[in-house]
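> the sequence isn't on hand, but the structure is:
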C-alpha cells in the first residue's frame, strides 16, 4: 500500500473508536463523500492495515475470571525448544498473550482463567520434559491499574502524518 495520508489516519482513528459505524457516518466524520471513504476502507483492509472488526466482550460479566502473568525460563535455548513451547502456548485459549523477550526470562505470558485450578492444569502441560521449562514465575493480578487493550493510531503516528 502506498503511504497513508491524513484522511486514511482519520478513518483509522474513527474506526478504532467504533468499528460498526456505517460508511455514511464515517464519511461525514472524516469529511469526505461516501464512495471515496468506502474505497479507502477497502484499500486499508486489502493492505492488511485493518485486520478485522471485533466486539470487545466483558468476560468478567459472564463469569468470574482471574488474570495471571507468567514468566518462563527454558532450560534449552534453541529454536526447536522455542517452537515447541510456542506451539503449546498457541493451542491454549486462556493464554491471550505470549511474548518471547530479552532479559532474565524467555517468555512473558498473560492468561485469563476461570480459576487457579485451571491455571494449575495449564501449568502441568508446560512442565512436561519435552518443553524444557527450567523455571516459571506466576503473578496473580489483583487489580488493573491501566487496561488499554488497543493502542490508538493517534497516539503512535507522528502529527506530521496526520
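Noted; the coordinates are in hand. A quick note: this is a predicted structure, and the numbers were derived from the prediction, not measured. Numbering: from 1, shown residues only.
> need the contact list for residue 8.
By Cβ atoms under 8 Å, 6 or more residues apart in numbering, residue 8 lies in contact with 40, 44. (Glycine included, C-beta is placed from N, CA and C.)
> please apply the same query to the one 4 residues further on.
With contact taken as Cβ under 8 Å, 6+ apart, residue 12 is in contact with 4, 44, 49-50, 153.
> give me the buried entries from these.
Taking 16 or more other Cβ atoms under 10 Å as the criterion, what is buried in these is 4, 44, 50, 153.
> residue 89 versus the residue of the chain most remote from its centre, what's the distance?
Farthest-out residue of the chain from its mean C-alpha position, per Cα atoms, centre = their mean: residue 33, at 32.4 Å. Distance of residue 33 to residue 89, given as Cβ to Cβ, to the nearest Å: 46 Å.
> next one: residue 151
Residue 151 is 22 Å from residue 89, by Cβ to Cβ.
> between those two, which has more neighbouring residues?
More crowded of residue 151 and residue 89, by other Cβ atoms under 10 Å: residue 89, with 20 against 9.
> was I right to think that one contacts residue 110?
No - the criterion here is Cβ atoms under 8 Å, and residue 89 misses it with residue 110 at 10.8 Å.
> identify the contacts common to those two.
95, 98.
> ok so residue 138 is a helix residue?
No - assigned with DSSP: H, G, I helix; E, B strand; the rest coil, residue 138 falls outside any helix and is strand.
> was I right about it contacting residue 70?
Yes - checked against Cβ under 8 Å, the pair residue 138 and residue 70 is within contact range at 5.5 Å.
> the two - which one has more neighbours?
A count of neighbours by other Cβ under 10 Å puts residue 70 above the other of residue 138 and residue 70, at 20 against 14.
> helix or strand right after whichever helix or strand the more buried one is part of?
For residue 70, the host element (DSSP states H and E) is strand 66-74. Following strand 66-74 in sequence order, the next helix or strand is helix 79-91 (DSSP H and E).
> next SSE downstream of that next one?
Assigned by DSSP H and E, the successor of helix 79-91 is strand 95-100.
> just to revisit the earlier point, could I get the buried residue list for the strand holding residue 70?
66-68, 70-72, 74.
> mind listing what's buried in the helix or strand of the chain with the lowest mean pLDDT?
One helix or strand of the chain scores below all others by mean pLDDT, DSSP states H and E: helix 153-156, with a mean of 78. Within helix 153-156, the residues that count as buried by 16+ other Cβ under 10 Å are residue 153.
> which strands or helices does it pack on?
Applying 3 or more Cβ pairs under 8 Å, 6 or more residues apart in numbering; DSSP states H and E, one finds that helix 153-156 contacts helix 6-17.
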